[in-house]
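[1] sequence and predicted structure, then a few things I'm wondering about:
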Amino acid sequence: MANILITGASGFIGSFLVEEGLKNGFQVYAGIRKSSSRQYLGDPRIHFLELDFSTTAKVKDTLLACREKNLRFQYIVHNAGLTKARKKEDFYNVNCLNTIHFIEALVETEMVPEKFVFISSLAAYGPGNPETGQPVRLADEPRPIELYGKSKLEAERYITSLKDFPWLIIRPTGVYGPKEKDYFIFFQTINRGMEPYIGFRKQVLTFIYVRDLVRLVFLALGSGIVRKAYFVSDGKEYPSELFAEITKRVLGRKTVRFTVPLGMVRMIAVAGEKVSSLWGGMPTLNTDKYNVLRSTNWRCEVEPLQSDFGFTAGYDLEKGVEEAIAWYKKEGWL
């Protein structure tokens, strides 16, 4: 039975990766911080490994302790990272620098796995051209528009510069499903009878349901493919209005629809950043978030997933939203 280490295991995607690893017969090691919640990691088959990526030396100590116990990982899925941060520099420190520390420690302790999957993001490339409507393609020049995406891109550039390192890079678009908290806010807003839009230009959105994403990761692990990167979506495109229509239908809600002009959103974002900077923090609505909200084309190329892994999404947006909302209701979130 092969050993797999999944970092960021206590988070939204990480907990589903752990579940999928157990389902596929792996000995699963959940990489977590000392302070991490184990709320969604209750299966008794899970092994835990506390990891501190803040320096290469600290990661080396942990890996050497594993090696002394004759514990090696055939596969690693590096999912740990930040999507939101209190300070701007936290994005680089966690998403890029910690990844460098981890890989340096793997190399220096001779603990390099057979395959190392890095969970990146479509944000590392940024949105597609709003005028042509063409999807973002693997051959395109990356143009991230937010600090999160820039930090993921820097990590990717380090990984792809390594010689003879068995990496795969997975770049999902918007990931949703049970336990997720950002799209949940949208569901909650619709449930309260409000349907907000930002700006008057139509957005085209793409999604991947979390169960499809983790299934794709394990298809990639089981393949003979290394040193390639992929965008991941369910292969469909959704106008933002359709996302709202599906959500209203599933929740059985009528809403008041309104649009907030982009200029007003930008003013709020800039003002919020100036105020928060006095305390060294970053508001939820900031200029990075504004750049994302104003982008209208989130199409991405997914044909390589189909040709290399035979991947077809099992969930379209309607099926995924139905399952996610059922979970939120069951757990008392909605």
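    Alright, I've got the coordinates. Numbering: from 1, shown residues only.
[2] isn't residue 295 right next to residue 130, touching?
    Yes. Using C-beta atoms under 8 Å, residue 295 makes contact with residue 130 at a distance of 7.2 Å. C-beta here means a position set from N, CA and C on the backbone, and glycine is covered the same way.
[3] those two - which one has more neighbours?
    Remark: of residue 295 and residue 130, residue 295 carries more neighbours, 19 against 14, as counted by other C-beta atoms under 10 Å.
[4] excluding chain neighbours, what is closest to that one?
    Leaving out its chain neighbours, the residue that sits closest to residue 295 by C-beta to C-beta, 6 or more residues apart in numbering is residue 127, at 3.9 Å.
[5] what about the one you found, is that helix, strand or coil?
    coil (DSSP: H, G, I helix; E, B strand; the rest coil).
[6] give me phi/psi at it?
    phi -70, psi 170 (degrees, to the nearest 10).
[7] so which residues of this structure form helices?
    Along the chain, the segments classed as helices by DSSP state H run 12-23, 56-68, 88-91, 98-108, 147-161, 182-191, 210-221, 240-251, 262-277, 287-294, 303-309, 317-330.
[8] could you dump the first one to CSV, C-alpha only?
    Spelled out, that is helix 12-23. Extracted in CSV, the C-alpha atoms of helix 12-23 (Å, rounded to 0.1, in the frame of the first residue of the first chain):
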residue,chain,number,x,y,z
PHE,A,12,-11.7,22.6,2.4
ILE,A,13,-9.9,20.9,-0.6
GLY,A,14,-7.4,19.1,1.7
SER,A,15,-10.1,17.2,3.6
PHE,A,16,-11.6,15.9,0.3
LEU,A,17,-8.1,14.9,-0.9
VAL,A,18,-7.7,12.9,2.3
GLU,A,19,-11.1,11.2,1.8
GLU,A,20,-10.3,10.4,-1.9
GLY,A,21,-6.9,9.0,-0.9
LEU,A,22,-8.5,6.6,1.6
LYS,A,23,-11.1,5.6,-1.0
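[9] buried ones in that helix?
    12, 13, 14, 15, 16, 17, 18, 19, 20, 21 (16 or more other C-beta atoms under 10 Å).
[10] of those, closest to residue 199?
    Nearest to residue 199 out of the buried residues of helix 12-23 is residue 12 (C-beta to C-beta; 27.5 Å).
[11] find the centremost residue of this structure, please.
    Nearest to the mean C-alpha position of the chain, by C-alpha atoms, centre = their mean, lies residue 121 at 5.8 Å.
[12] all good on my end, thank you.
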